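Colleague: just to be clear, the model below is a prediction. Sequence and coordinates:
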Amino acid sequence: MVQRNNLDAASETAFKRDLVALIPHLRAFARTLCGDAAAADDLAQDAILKAWDARSSFQMGTNMKAWTFMILRNQFYSEKRRSWRQSQLDQEAAERTLVAADDPEAPVALDEMRLAMGMLPSEQREALILVGAGGFAYEEAADICGCAVGTVKSRVSRARRALHAILEQGAYDRDGSPAGEAMRSILSDAERLSGPR
Amino acid sequence: MSPKKDALERVSFPLMNDPELSGPISPDPEPNIDEARLRQQAIGVKLRQMFDEIVNEPVPQDFLDILRRADDKSSRGGQV
């Protein structure tokens, strides 16, 4: 179906400029949903095209970031429904990404965090990312996920507890470093990052 | 320098070097709550770092190309 485009040229240019500025954020959100970097870029591109095609239905002046994140999320779950094997592949994909993105210079704790995130149920992971990293208010995250504000709050809080437990126990299956190592390394990194610059 | 300030410095400095005690020093009767909060903050910092790292990656050319192609289509009459 072709969406009737009734934007004037100036609005179209402004829309496109804003959409381009959101690409890095959409890529980051897609990667946290998919795990796999290549699949994530495909998802982000699909979402960007969908947003472009739907540009005349966007209310200028409203939150375009939330609007595009919602499109991307809907796209992710509709593809996921089509592929019944996806849930089994999630964990493998997360691990492939880690191998692909393996940079000896990267701090170890970041890899541990990615693995631990990969172990969370996807609705907890997306809630935590939207609120904890994407800069969305609980209300905006609830709109994006199509659920109640209280549901987002409880998902975020469960995600935080689960993440803490996973990192503390070293419950992710990887290099056999001692339990608690990841949490210690995350704590020391956080101290360094939040210290005086 | 007042003897009181001098004494404070002597007390606080070794605490800062002790990883077990480097959290916020407070009279909180429940040190575990402080500890848990500190850990949650550290996880939050790491989470944002993980996200921002991807945000700061250069955008692959395909992303700009798909919008340019979409643009060409719409300027040729809107058939997608």
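Modeller: Cool, the structure landed.
Colleague: what about the strand or helix carrying residue A:67 and chain B, touching?
Modeller: Assessed by DSSP states H and E, residue A:67 sits inside helix A:64-82. No - under the criterion of C-beta under 8 Å from any C-beta of the partner chain, chain B is not reached by helix A:64-82; the shortest gap measures 11.8 Å. Heads up, the C-betas are built off the backbone N, CA and C, glycines and all.
Colleague: who's in contact with the nearest residue to residue A:67 once chain neighbours are set aside?
Modeller: Once flanking residues are discounted, residue A:67 sits nearest to residue A:58: 6.1 Å by C-beta to C-beta, 6 or more residues apart in numbering or on different chains. Counting by C-beta atoms under 8 Å, 6 or more residues apart in numbering or on different chains, residue A:58 makes contact with A:15, A:51, A:64, A:67.
Colleague: quick revisit: mean confidence score for the helix holding residue A:67?
Modeller: Average pLDDT, helix A:64-82: 90.
Colleague: ok, how many other residues are close to the closest residue to residue A:65 other than its chain neighbours?
Modeller: Leaving aside its sequence neighbours, residue A:65 sits nearest to residue A:22 (C-beta to C-beta, 6+ apart; 5.9 Å). Look at residue A:22: counted by other C-beta atoms under 10 Å in any protein chain shown, it has 20 neighbours.
Colleague: ok, residue A:22 to residue B:42 distance?
Modeller: 29 Å (C-beta to C-beta, to the nearest Å).
Colleague: helices and strands of chain A: which one has the lowest mean pLDDT?
Modeller: helix A:86-100 (a mean of 51; mean pLDDT, DSSP states H and E).
Colleague: domains of chain A?
Modeller: Here the domain parsing of chain A from automatic domain parsing is A:8-102, A:106-197.
Colleague: now the first one, how far from the centre of its chain.
Modeller: When distances are taken as C-alpha atoms, centre = their mean, to the nearest Å, domain A:8-102 is centred 9 Å away from the chain's centroid.
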